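A.B. asks: Below: sequence and its predicted model.
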Amino acid sequence: MRILLLGARGQLGRALFSALCRDYPHWQVTALGRAACDITDPGALIGALNRHQPDVILNGAAYTAVDLAEAKPELAERINHQAVALLAWEASARGALLVHFSTDYVFDGSGSDPWCEADAPSPLNVYGASKLAGEQVIRALCPHHLIVRTSWLYGGEGSYFARTILRRANEGQPLEVVADQWGAPTQVDWLATSVLLALPQVVKAPDKGGLYHLCPAGETSWHGFASALVEESCRLGLLARPVPIKPIPSANWPQAARRPLNSRLDCRRFATVFGIQIPAWEVLMSRWLASQCEGG
């Protein structure tokens, strides 16, 4: 099976490439970062597809700067929607499976029940709107697709909430963290591994494709996640001592983009269709922190 991984230098792209190399050495994998294939450049994208003739396209490329997107809506639209439209069209024309990643931010965060795939999206910010537009154009143009919505990604390369919390805690800085936004932190390597477990099933049985939610089991707030990170890091010896973490409402932490208060996702469909057991977010967090002790 020929796999073309786009966005291979980003947080998710690196995790996907690592899992592909580790678990699927028999697959023919080509991994391209933005320098090798900018998906907003039609010539570059079509050229890469012509050269590599993939059976499966893994799209790890996205514009994910949620707050900056409010000031640069055209850029978010170009990467998360317009480029994805071309990718969907080309994948369909070539008979390739398109695997794409989306976000809990397509929802408005109302209520407290977990969102399921059939619930109507209503994004609060430019980033969420651009990701929803990308989903919709894939579903319209490319019948053979797998779209995975996830939430609160951490781990791997780059800057993200968990890394920031641990850095500031290590510096002994007291923390203030939002306590009224709820969801499930998703460890990026687990996400990549889980999606790749589902991939061969969708290739063999295209009717298993479609839209899915995937994040760990359970729920917490950003404050709960930060508290758990610090507590477990102290237990493992990653931190010498705990730091105070003050819970605050979202109104006390103003940001350019509004965030949904309820980012809970119902992932039962993914677990049932693909026969994959979904662990608790605390378990994955502990494993990730333990890997940091080992230099992983």
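C.D. replies: Sure thing, it's come through.

A.B. asks: Helices along the stretch 101-250 of the chain, start to end?
C.D. replies: 126-141, 161-170, 188-204, 222-236 (DSSP state H, counting those that start in this stretch).

A.B. asks: Compare those helices and give me the one nearest residue 51.
C.D. replies: In terms of CB to CB, the element of the helices of the stretch 101-250 of the chain nearest to residue 51 is helix 188-204, at 21.1 Å. Yep, even glycine has a C-beta here, placed from its N, CA and C like the rest.

A.B. asks: For the closest one, report the contacting residues that lie outside it.
C.D. replies: For helix 188-204, the external contacting residues (CB atoms under 8 Å, 6 or more residues apart in numbering) are 1, 11-12, 15-16, 18-20, 23-24, 55-56, 97, 99, 146, 148, 150, 153-156, 208-209, 214-216, 270, 273-274, 276, 278-279, 284, 288.

A.B. asks: for that helix, which positions count as buried?
C.D. replies: 188-196, 198-199, 201-203 (16 or more other CB atoms under 10 Å).

A.B. asks: what's the offset of it from the middle of its chain?
C.D. replies: Computed by CA atoms, centre = their mean, to the nearest Å, the chain-centroid distance of helix 188-204 equals 13 Å.

A.B. asks: Now do it, average pLDDT.
C.D. replies: Average pLDDT, helix 188-204: 97.

A.B. asks: for stretch 32-48, same thing?
C.D. replies: On average, stretch 32-48 scores 96.

A.B. asks: Same check on stretch 238-250?
C.D. replies: 93.

A.B. asks: Any buried residues in it, and which?
C.D. replies: For stretch 238-250, by 16+ other CB under 10 Å, it's 238-239, 243, 245, 247-248, 250.

A.B. asks: From those, which land in strands?
C.D. replies: 245, 247-248 (DSSP state E).

A.B. asks: thinking again about what came up before, using JSON lines, lay out the buried residues of helix 188-204 together with distance to residue 137.
C.D. replies: Formatted as JSON lines, the buried residues of helix 188-204 follow (distance: CB to CB, whole Å):
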{"residue": "188", "distance to residue 137": "25"}
{"residue": "189", "distance to residue 137": "29"}
{"residue": "190", "distance to residue 137": "28"}
{"residue": "191", "distance to residue 137": "23"}
{"residue": "192", "distance to residue 137": "24"}
{"residue": "193", "distance to residue 137": "27"}
{"residue": "194", "distance to residue 137": "25"}
{"residue": "195", "distance to residue 137": "20"}
{"residue": "196", "distance to residue 137": "24"}
{"residue": "198", "distance to residue 137": "22"}
{"residue": "199", "distance to residue 137": "21"}
{"residue": "201", "distance to residue 137": "24"}
{"residue": "202", "distance to residue 137": "19"}
{"residue": "203", "distance to residue 137": "22"}
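
A.B. asks: Can you list the low-confidence ranges for the stretch 151-296 of the chain?
C.D. replies: Along the stretch 151-296 of the chain, the parts satisfying pLDDT under 70 run over 294-296.

A.B. asks: my bad, should have said the stretch 1-150 of the chain
C.D. replies: In the stretch 1-150 of the chain (pLDDT under 70), no residue qualifies.

A.B. asks: the strands in it, which residues?
C.D. replies: 2-6, 28-32, 56-59, 97-103, 145-150 (DSSP state E, counting those that start in this stretch).

A.B. asks: Out of those strands, the one nearest residue 166 is which?
C.D. replies: Going by CB to CB, the one of the strands of the stretch 1-150 of the chain nearest residue 166 is strand 145-150, 21.3 Å.

A.B. asks: packing partners for that closest one?
C.D. replies: Secondary-structure packing of strand 145-150 (3 or more CB pairs under 8 Å, 6 or more residues apart in numbering; DSSP states H and E): strand 97-103, helix 126-141, helix 188-204, strand 210-213.

A.B. asks: how about a cut-off of 6 Å?
C.D. replies: strand 97-103, helix 188-204, strand 210-213 (3 or more CB pairs under 6 Å, 6 or more residues apart in numbering; DSSP states H and E).
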